[in-house]
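Novice: pasted the sequence and its predicted model underneath.
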Amino acid sequence: MKMVNAFNMKRAAAGLRRINLDGLRWRVFDAKGQVLGRLASQIATVVQGKDKPTYTPNRDDGDMCIVLNAKDVCVTGRKLTDKVYYWHTGYVGHLKERTFKDQMAKDPTEVIRKAVLRMLPRNKLRDDRDRKLRIFPGSEHPFGDRPLEPYVMPPRRVREMRPRERRAMIREQKKAELQQQNNDGTKKGKKREAPEESA
Amino acid sequence: MTRIKRGYIAGKRRRKIRLFTSSFRGAHSRLTRTITQQKIKALVSANRDRDRKKRGFRSLWIHRINAIIGKNKKKQYNRYSNLLYNIYKGQLLLNRKIVAQMGILKGNCLRMIANEIIT
């Protein structure tokens, strides 16, 4: 299967010459298990340089951000199948769309990149900030020799589940328990995986 | 009636305006009619932005104070609103500019002050 927009390791490391100052820190974000939008908003504040006391709005002073494990980023609700990315090619009637699942299959880094870019202010510094973002689908990156600092996400208050969701979850748990009991009772050695829900 | 030329009166007036606009770019410093327009626009902007400058700097100081709070003070779980409220309560006459500058240059001073204020 030919991957058109596949991820290119060389392209991710290129373009470092255009970034001027190297008094910048290199922050590493781990996207594994993080919710897409909440992660993207933290990345956007770091890339803008808004967590530094020397923030200046007309000068791009954000840190270099490296995002790892982009393919393990999560979304809540039904967004896995229902979130659609739209774009218009310019020709009449050519509104194209692609669902979240297909985009992750094609190029998982684009999901985070779109999310962060659309959270940055639309001004002349946006392209420079884009150049400071490096996203990788796995955990390997060619920046091993730089002084990297991991970024600790602020603690999150997860709201409690809605009653319908909670009932569904309890039902599934009971089903899984019953299946396990049946397995232990009748069939020996056969393993069955309980269905996972993307939460 | 004899013919009377207007002389150099208009020229004197325009020379003053041209002096003001002498460093502008392209036609804005060369063509007479454009010069008068550009001088008016420049003075209007200057007048308006003298008040905007005050707004802009205040917003910049608030941004910077927020950055300092977010970075350092997580241990004490402080917020911008809490910090300023405590400053007012402690009757310190610090405005945002000083607090922001202190945060950049002398971070320890700010931390000591914040510790004193909160408790």
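Specialist: Cool, got the structure. Numbering: from 1, shown residues only, chains lettered A, B, ... in the order given.
Novice: read off the pLDDT value for the residue of chain A found nearest chain B.
Specialist: Of the residues in chain A, the one nearest chain B is residue A:53, at a distance of 4.7 Å by Cβ to the nearest Cβ. To be clear about C-beta, it is placed using only N, CA and C from the backbone, and glycine gets the same treatment. According to the predicted model, the pLDDT of residue A:53 comes to 87.
Novice: that one reaches residue B:100, doesn't it?
Specialist: Yes: using Cβ atoms under 8 Å, residue A:53 makes contact with residue B:100 at a distance of 7.3 Å.
Novice: quick check, residue A:27 in a helix?
Specialist: No: in this structure, residue A:27 is strand, not part of a helix, as judged by DSSP: H, G, I helix; E, B strand; the rest coil.
Novice: run a quick neighbour tally on it.
Specialist: Burial of residue A:27 is recorded as 20 neighbouring residues (other Cβ atoms under 10 Å in any protein chain shown).
Novice: now it: how far from residue A:104?
Specialist: Residue A:27 sits at a distance of 24 Å from residue A:104 (criterion: Cβ to Cβ, to the nearest Å).
Novice: just how off-centre is the lengthiest helix in chain A within its chain?
Specialist: Taking DSSP state H as the criterion, chain A has its longest helix at helix A:163-185. Between the centre of helix A:163-185 and the centre of its host chain there is 30 Å, according to Cα atoms, centre = their mean, to the nearest Å.
Novice: ok, now stretch A:137-152?
Specialist: On the basis of Cα atoms, centre = their mean, stretch A:137-152 is displaced by 15 Å from the centre of the chain it belongs to.
Novice: ok, and for that stretch, which residues are buried?
Specialist: Going by neighbour count (16 or more other Cβ atoms under 10 Å in any protein chain shown), the buried part of stretch A:137-152 is A:137, A:141, A:143, A:151.
Novice: repeat that for stretch A:78-95.
Specialist: Neighbour counts using 16+ other Cβ under 10 Å place A:79, A:83 of stretch A:78-95 among the buried residues.
Novice: mean confidence for it?
Specialist: Stretch A:78-95 shows a mean pLDDT of 92.
Novice: residues contacting it, please?
Specialist: Outside stretch A:78-95, the residues within contact range by Cβ atoms under 8 Å, 6 or more residues apart in numbering or on different chains are A:75, A:96, A:97, A:98, A:99, A:100, A:101, A:103, A:114, A:198.
Novice: again, only using 10 Å
Specialist: Here stretch A:78-95 makes contact (Cβ atoms under 10 Å, 6 or more residues apart in numbering or on different chains) with A:35-37, A:74-75, A:77, A:96-104, A:110-111, A:114, A:198.
Novice: can you check the distance spanned by that stretch, start to finish?
Specialist: For stretch A:78-95, the first and last residues are 23 Å from each other (Cα to Cα, to the nearest Å).
Novice: so what's the gap between it and the chain middle?
Specialist: Averaged C-alpha coordinates place stretch A:78-95 at 19 Å from its chain's average position (Cα atoms, centre = their mean).
Novice: same thing with stretch B:46-60?
Specialist: 4 Å.
Novice: which residues of chain B fall in strands?
Specialist: If you assign secondary structure with DSSP state E, chain B ends up with no strands.
Novice: low-confidence ranges in it?
Specialist: Under the criterion pLDDT under 70, the flagged ranges of chain B are B:73-77, B:119.
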